[in-house]
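> Here's a sequence, model it:
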Amino acid sequence: MKTYIPFVLFFSLSLTTKAQSPYSLDQCVEYALKNNITIKNSLIDTRIADSRKQELRSRSLPQLDANSQAIHNFDVQKIVFENDVIPLFSNPLLPKGQVIAFQLQLNNVWTSQLTASQVIFDKSLFTGIANAEIVKSLSRKNTEQTEIDVAEMVTKAYYGVLVAQKQLDFLDNNLLRVDSLFKDTQARFNNGLVRKIVVDRIEVRLNNLKEEREKTLRLVELNRALLRYQMNMPAEENLQLSDSFDETVLPRVVEREDVDYTQRIEYGILKNQQQLYEAETQVLKDGYYPRLNALAATGYNPASTHAEDIFQSNRYYNFTYVGLNLSIPIFHGFEKKYKVQTRTLEDLKITNSMQNLRHSIDLQVQQANINLFNSIASLKIQKRNLELAQENVRIIQVENEKGIASSLEVVNAEADLKEAQTNYYTTLYSALLAKTDLEKANGTLLKK
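I've put the predicted structure just below:
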């Protein structure tokens, strides 16, 4: 009889299986780059930079405004003359020099107009638009730097989970052997073949191993939680890893290699900042150039003594004008001069920072190379010690079964093996961290 799984249940199971599939290191990094909040905010900053570029460009487009203003004068402002000074406004019935006040507008005025303007020449504006791409490029590089930092943290956290899991696996194997030895020794004690102190010492060793296993198990989960945090993965998701953990991933160590500073994102950021300061300086210098704008307006300004009469059609007379507005900067208290001076000094600081960064990169590469060289050299020794310890345990176990070696010798050999295992994987972990540091120092940790 065939059993059919409902489609909804099948779909749910498929999603669960997909969510729990093991992650490689590259997949963890990719997941983090898509979900990390800092990277998301950096991408938003890039969009903001692009929006500001378009905002600046829009200032060079035609500007069109409509406005309407209604005014009621309780006491209309008057223009004051002296009699007989201006013949057109003189009153022969009044003495010469007497003050005469004329009211030139009505109590109610309503002005509606449509105005337009267009930039014809504004060198600082045009230079600013051309240089807006530098700001956008700087924002993209800041995002890339954030991605590199996230990739570094995820990589190191990934290795942390792997080394803790390896230590847990070895502890499980050690526990099986020591537990088997304890049961065998207990049986011998029951038959009167060994002393009670031998059983007790093996039990102490077994209990210590159990306690250490519990600590290592919690360490695995803690490192896994740290990795999930770096990836911005939900805490309830069952994160399993698929990559292996051995020295085959370690690169070849070279004593000295030429450093390409342009591979480092920090160097590119400083270059962009330098370009930005130079661009801002040019914009300030372009501010000394005249600005020329075209302008036009059309509208109506009816007026009346009584407010209800202002809508009468015979009161609406159109006015229209076009013109040019030329603005020539002459003197503004040396403001532009000192702004240019400030940008020049900031550019000099960037030059010094770039020189210091080159020295810092040289040191970082050299330090990472030395750490990797030392770790690989130590790893060879620890690998040999691990092989010897494994062989020693195998021989002692055989001799113990034949009655040649004592149970305590087996316990001691197991302790030596555990120490060799810990040393080997701790050294391998240090080598992998040094490899990550070297890749970051060379600017090759995250290459798309």
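
> tell me the SS of Ile100?
The three-state label for Ile100, taken from DSSP: H, G, I helix; E, B strand; the rest coil, comes out as strand.

> wait, it sits on Pro92?
No: Ile100 lies out of contact with Pro92 (C-beta atoms under 8 Å); the separation is 12.0 Å. The way it works is simple: take the backbone N, C-alpha and C, and place the C-beta from them, glycine included.

> contacting residues for Pro302?
109-110, 310-312, 315-317 (C-beta atoms under 8 Å, 6 or more residues apart in numbering).

> Ile233 and Asn35 touch, don't they?
Rather than Ile, residue 233 is Met. Yes: contact criterion C-beta under 8 Å: Met233 and Asn35 qualify, at 7.1 Å.

> for this structure, which residue is closest to the average position?
Thr146 (3.4 Å; C-alpha atoms, centre = their mean).

> How much space separates Asn301 from Arg57?
Remark: distance between Asn301 and Arg57 (C-beta to C-beta, to the nearest Å) = 35 Å.

> secondary structure element for the residue nearest to the centre of the chain?
helix 123-190 (DSSP states H and E).

> That helix: what's the following helix or strand?
helix 196-231.

> next one: the next helix or strand along the chain from that next one to chain centre, how far?
Beyond helix 196-231 on the C-terminal side, the first helix or strand identified by DSSP H and E is helix 265-286. Relative to the centre of its chain, helix 265-286 is centred 21 Å away, using C-alpha atoms, centre = their mean, to the nearest Å.

> Could you list every helix and strand in contact with helix 265-286?
helix 123-190, helix 335-401 (3 or more C-beta pairs under 8 Å, 6 or more residues apart in numbering; DSSP states H and E).

> Mean pLDDT and distance to Leu250 added to those helices, as TSV?
Below are these laid out as TSV (pLDDT from 0 to 100; distance: least, C-beta to C-beta, whole Å):
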stretch	mean pLDDT	distance to Leu250
helix 123-190	87	12
helix 335-401	89	6
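
> So Ile100 and Pro92 - more neighbours on which side?
Applying other C-beta atoms under 10 Å to Ile100 and Pro92 shows that Ile100 carries more neighbours, namely 17 against 7.

> Contacts only, for the more buried one.
Taking C-beta under 8 Å, 6+ apart as the test, what Ile100 contacts is 80-83, 89, 91, 94.

> Could I have the buried ones of these as ChimeraX selection syntax?
Of those, the buried ones can be selected in ChimeraX as follows, counting by 16 or more other C-beta atoms under 10 Å:
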select :81,83
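
> What is the nearest of the contacts of Ile100 to Ala151?
Distance to Ala151 across these (C-beta to C-beta) is lowest for Val80, with 78.9 Å.

> quick one: Leu106 and His72, what's the gap?
10 Å.

> for Leu176, that is, sorry about that
From Leu176 to His72 the distance is 99 Å (C-beta to C-beta).

> Also Ile265?
64 Å.

> that older thread, how about the contacts of Pro302 in JSON lines, adding neighbour count?
Formatted as JSON lines, those follow (neighbours: other C-beta atoms under 10 Å):
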{"residue": "Val109", "neighbour count": "17"}
{"residue": "Trp110", "neighbour count": "19"}
{"residue": "Ile310", "neighbour count": "19"}
{"residue": "Phe311", "neighbour count": "11"}
{"residue": "Gln312", "neighbour count": "10"}
{"residue": "Arg315", "neighbour count": "15"}
{"residue": "Tyr316", "neighbour count": "13"}
{"residue": "Tyr317", "neighbour count": "8"}
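
> I'd like to know which of these are part of strands.
109-110 (DSSP state E).

> Return the subset of the contacts of Pro302 lying in helices.
Taking DSSP state H, every one of the contacts of Pro302 sits outside helices.

> Within its local environment, how many residues does Val99 see?
9.

> ditto for Leu125
18.

> got it, and Val340?
Neighbours of Val340 (other C-beta under 10 Å): 18.

> for the one 3 residues further on, same thing?
Here the count is done by other C-beta under 10 Å, and Arg343 has 20 residues near it.

> which non-adjacent residue is nearest it?
Thr281 (4.1 Å; C-beta to C-beta, 6 or more residues apart in numbering).

> List the contacts of that neighbour.
340, 343-344, 347 are the contacts of Thr281 under C-beta under 8 Å, 6+ apart.

> need these in TSV with distance to Val194, can you?
Output for the contacts of Thr281, formatted as TSV (distance: C-beta to C-beta, whole Å):
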residue	distance to Val194
Val340	91
Arg343	86
Thr344	87
Asp347	82
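
> Can you tell me which of these is closest to His359?
Asp347 (19.6 Å).

> quick one: contacts for that closest one?
By C-beta under 8 Å, 6+ apart, the neighbours of Asp347 are 274, 277-278, 281.

> cutoff 6 Å now
Tyr277 (C-beta atoms under 6 Å, 6 or more residues apart in numbering).
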